[in-house]
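Asks: after the sequence you'll find the predicted model.
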Amino acid sequence: MASTTTGNLLPSIEEPIDLGHTLAAAEAELQTRFGRHLNAAIDPASTAFLLQQVQEVLLRSETAQRQAAEFQVAIFNALPTHVALIDPGGRVLAVNEAWRRFATANGLPDAGAGLGSNYLETTDRAARDGSAEARAAAQGIRQVLAGELKEFTLEYPCHSPAAKRWFQLMATPLQESRREGAVVMHIEVTQRKLAEEQIREQAALLDQAQDAITACDLEHRITYWNHGAERLYGWTAAEAVGRNALELLFKAGGSELAEARRVLGQPDWNGEVRQVTKTGKEIIVQSRWTRVRDGKGEPKSMLLIGTDVTERKRLQAQFLRAQRLESIGSLASGIAHDLNNILAPMLMSVNLLQEVITDGPNAKLLDTLRFSAQRGAEMVKQILSFTRGQEGLRGPVNLKQVVNEVAKIARETFPKTIQVHTSSRKEPWPIEADSTQIHQVLMNLCVNARDAMPNGGRLRLEVENLLLDESHAGRHREGRPGPYVVVTVGDTGTGIPPEILDQIFDPFFSTKGLEQGTGLGLSTVLGIVKGHLGFIHTYSEVGKGTCFKIYLPAAAAPDIPRAVARPTGPPLGHGERVLLVDDEQAVLEITRAILIKYGYEVFSASDGSEALTLFAQHKDEIDLVLTDFMMPFLDGPATIRALQNIDPDVRIITASGLQENEAVSQQFRHVTFLSKPFTPEKLLTTIAAALKGPTKTTSSAHAEDPGH
């Protein structure tokens, strides 16, 4: 735009003055106005003298005007800014030398924007060629000429093959009070734009840094906040800039805040500080504070660079804790060795004494002494098994024995408010395992259960044999059909929230404080179980407790069936109708498929409300209700009460992963409890047993078939 206009400045000022014409005009004017008086009072000689004086005055006035005009032209042409004067219609009246030089250097003809050419028409042509800047310039200049704007500015690029250049167009009225035209200036701003671009590039580099880089003034107000700071603290730049850095990053009233105020008075500082994020989370930051000075050496601002070292500090603490545990293990081994040396003669002496003292009070004292010594020896054996850590040495392991040993340790070391119960329905099949690692798995789970019951509760350890078929094994990604020994560790503690249940086995995930847990316990448990080709099933209800079921493949033994399916098979149904209620779609579908396969007709409901509607419509047809214990809207107990209000004799099976819910189920009439997860055989056996119970007064004929 600017480069298309050329011409001369105010040609009327530069034209020579015709003195003869001026004097003749002056004389004629004098004669017209004062000729009669002049002729009467002044003779011809005096008249000539008077005209001579007038001529001299006029010459001095014209010289002064010429000099003033020449001075104005010199100033106008000396301006580095490209300047043009246009009339109200956009016609170019004058341009300065800077304008003319730029036009010539860019090969533009003077006719393109010289005297008489129309500047607005030039910009309109550029706009029609697709220039958005030209379109905006034409509109802005017209608004200035019309008196709608006092000033119009626009920045635009004007690049050439040799270099990139930027200009700022500025248009202002010639006279604000009158619409006589406008001054159009094109000011080169290339250096400023290059500096701004360099600053943006540097800011982009700072934003790529992982560290939090911030700046604040001497009043601690934040003036810069990079992306690293946004990631670390959670505050966006728009939220942080302008706020007090100390108030934003430190807990109010804490010792860290007072220390930060002190060190900010120092020229430079480097150290670790505890700060808080937007969510209130406390983090540990390696921080470097540097005072920035201006050109005169006076303090200007503070530069703060912070690196998050929270995870590194956690790992260091875990490493130190592991070293302490290793030291404690070495110490415990030595103590256990000495204790064995003390207990061994005691046990041998007791045995000798019992050969002599066979009855009476002393014999009872010897029995007590022998039992206590043996108990101490067993505890020493457990300590040695943990501290030696004989990893990789696998052999036949009886899980019932391991569970009893862990339960004994728990009874002796856990708070007395925690009741420890063990059960084993039959002698478990042996497994091929590392005994020390299995101890570690059970102890980790028991310790977690203890921590979940700060006010006491019930810890349950169970062992059972389980033969998994294809359908049950398919529910678990790691499951394979075959014989398993299942160890259950259940508690009545606080439970695990559903939103974090999928994260509990992640390394370093912990809901405990930094000094209370490493976050490695459950990940270690999972690693050991998978290393033994087993898998884990977890069930938890907030406020009621958690249940871990550990499935470990049984070792090959003569008494373990080789075939997955039992020769006799599970009991079959004979067309009985079962109302199946479960909010888990996968459980609902697989259970429905199993029941249909084994001879049952099934009504399905995804929650208690839907179940009540179906039961009310088909109560005379439904022989049994199988419902989950924990469901939205209506849970198991509420659903059972509502069903029994409709039909007091309805047979119900309630399923839950928490054994403690069995006691709740027993409060209802005709209700059987089924522990989750269950095998098809266990499911079908439980249903058959429930159908053989007291008959409904309104039951259908096929439900009373004695073949069930």
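Replies: Yep, that arrived.

Asks: check contacts around residue 428.
Replies: For residue 428, the contacting residues are 398-400, 463-465, 485, by CB atoms under 8 Å, 6 or more residues apart in numbering. Where you see a C-beta, it was placed from the backbone N, CA and C, and this is true even at glycine.

Asks: I should have written residue 259 there, sorry.
Replies: By CB under 8 Å, 6+ apart, residue 259 lies in contact with residue 273.

Asks: 10 Å - rerun?
Replies: 250, 271, 273-274 (CB atoms under 10 Å, 6 or more residues apart in numbering).

Asks: need phi/psi at it.
Replies: When read as degrees, to the nearest 10, the backbone of residue 259 gives phi -70, psi -40.

Asks: for it, give its distance to residue 275.
Replies: Residue 259 sits at a distance of 12 Å from residue 275 (criterion: CB to CB, to the nearest Å).

Asks: got it, and residue 260?
Replies: From residue 260 across to residue 275, the span is 9 Å (CB to CB).

Asks: hang on, residue 655 packs against residue 674?
Replies: Yes: contact status for residue 655 versus residue 674: in contact at 4.4 Å, counting by CB atoms under 10 Å.

Asks: more crowded one of these two?
Replies: A count of neighbours by other CB atoms under 10 Å puts residue 655 above the other of residue 655 and residue 674, at 25 against 21.

Asks: how near is the nearest residue to residue 542 once chain neighbours are set aside to residue 579?
Replies: Using CB to CB, 6 or more residues apart in numbering and skipping the chain neighbours, the partner closest in space to residue 542 is residue 495 (4.1 Å). Taking CB to CB as the measure, residue 495 falls 28 Å from residue 579.

Asks: let me know whether the residue nearest to residue 542 touches residue 545 as I believe.
Replies: Yes: assessed by CB under 10 Å, residue 495 is found in contact with residue 545 at 5.8 Å.

Asks: those two - which one has more neighbours?
Replies: More crowded of residue 495 and residue 545, by other CB under 10 Å: residue 545, with 27 against 19.

Asks: quickly list what that one is bridged to.
Replies: For residue 545, the beta-bridge partners are residue 541 (DSSP bridges).

Asks: wait, it sits on residue 538?
Replies: No: using CB under 10 Å as the test, residue 545 is too far from residue 538 to be in contact (11.7 Å).

Asks: who's in contact with residue 661?
Replies: 541, 544-545, 629-630, 636-637, 654-655, 673, 675-676.

Asks: from the residues you listed, which land in helices?
Replies: Using DSSP state H, the members of the contacts of residue 661 that fall in helices are 636-637.

Asks: coming back round to it: so what sits against both of residue 655 and residue 674?
Replies: What both residue 655 and residue 674 touch, as defined by CB under 10 Å, 6+ apart, is the set 626-629, 665, 683, 686.

Asks: how about the helices in the stretch 551-700 of the chain?
Replies: Using DSSP state H, counting those that start in this stretch, the helices of the stretch 551-700 of the chain run over 585-597, 608-618, 636-646, 661-665, 680-691.

Asks: these: which one's closest to residue 443?
Replies: Nearest to residue 443 among the helices of the stretch 551-700 of the chain is helix 661-665; the distance by CB to CB comes to 26.2 Å.

Asks: now that closest one: buried residues?
Replies: 661-662, 664-665 (16 or more other CB atoms under 10 Å).

Asks: and for stretch 157-168?
Replies: 158, 165-168.

Asks: do the same with stretch 615-624
Replies: For stretch 615-624, the neighbour count (16+ other CB under 10 Å) marks 615, 622-624 as buried.

Asks: ok, now which ones touch residue 288?
Replies: Contacts for residue 288 were tallied using CB under 10 Å, 6+ apart; they are 211, 268-271, 303-307.

Asks: ok, the buried residues of stretch 157-168 vs residue 284, which is closest?
Replies: residue 166 (46.5 Å).

Asks: for that closest one, give its distance to residue 196.
Replies: Counting by CB to CB - residue 166 and residue 196 are separated by 10 Å.

Asks: what of residue 97?
Replies: In terms of CB to CB, residue 97 sits 29 Å off from residue 196.

Asks: how about residue 297, phi and psi?
Replies: phi 90, psi 10.

Asks: what's near enough to touch the closest residue to residue 686 other than its chain neighbours?
Replies: In space, and not counting its chain neighbours, residue 686 is closest to residue 674: 5.1 Å by CB to CB, 6+ apart. The contact partners of residue 674, by CB under 10 Å, 6+ apart, come to 626-629, 653-656, 662, 665, 682-683, 685-687, 690.

Asks: ChimeraX command for the buried members of these?
Replies: Applying 16+ other CB under 10 Å to the contacts of residue 674, the buried members can be selected in ChimeraX as follows:
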select :626,627,628,629,653,654,655,656,662,665,683,686,687,690
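
Asks: closest one of the contacts of residue 674 to residue 437?
Replies: Minimum distance to residue 437 across the contacts of residue 674 is 28.9 Å, recorded for residue 682 (CB to CB).

Asks: surely the closest one and residue 675 touch.
Replies: Yes: counting by CB under 10 Å, residue 675 is a contact partner of residue 682 at 8.2 Å.

Asks: got a PyMOL select line for the buried ones in the contacts of residue 428?
Replies: Listed next is the PyMOL selection for buried residues among the contacts of residue 428, using 16+ other CB under 10 Å:
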select buried, resi 398+399+400+463+464+465+485
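
Asks: now for the contacts of residue 428: which two are most distant?
Replies: Greatest spatial distance in the contacts of residue 428: 398 and 464, 13.6 Å, computed using CB to CB.

Asks: mutual contacts of the two, please.
Replies: Common contacts of residue 398 and residue 464 (CB under 10 Å, 6+ apart): 428, 485.

Asks: how far does stretch 221-232 stretch from start to finish?
Replies: End-to-end distance for stretch 221-232: 19 Å, by CA to CA, to the nearest Å.

Asks: which stretches of the stretch 351-500 of the chain have low pLDDT?
Replies: 351-352, 375, 377-393, 471-478 (pLDDT under 70).

Asks: how about the strands in it?
Replies: 395-397, 418-424, 431-433, 457-468, 482-491 (DSSP state E, counting those that start in this stretch).

Asks: just send the ones you listed back as JSON lines, with distance to residue 140 too.
Replies: Below are these laid out as JSON lines (distance: least, CB to CB, whole Å):
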{"stretch": "strand 395-397", "distance to residue 140": "88"}
{"stretch": "strand 418-424", "distance to residue 140": "82"}
{"stretch": "strand 431-433", "distance to residue 140": "85"}
{"stretch": "strand 457-468", "distance to residue 140": "79"}
{"stretch": "strand 482-491", "distance to residue 140": "76"}
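
Asks: which one of the ones you listed lies closest to residue 143?
Replies: The nearest among these, by CB to CB, is strand 482-491 at 78.5 Å.

Asks: give the buried residues for that closest one.
Replies: 482-491.

Asks: quick check: buried residues in stretch 117-136?
Replies: Neighbour-count burial for stretch 117-136 flags 117-120, 122-124, 126-127, 131, 133-134, 136 (criterion: 16+ other CB under 10 Å).
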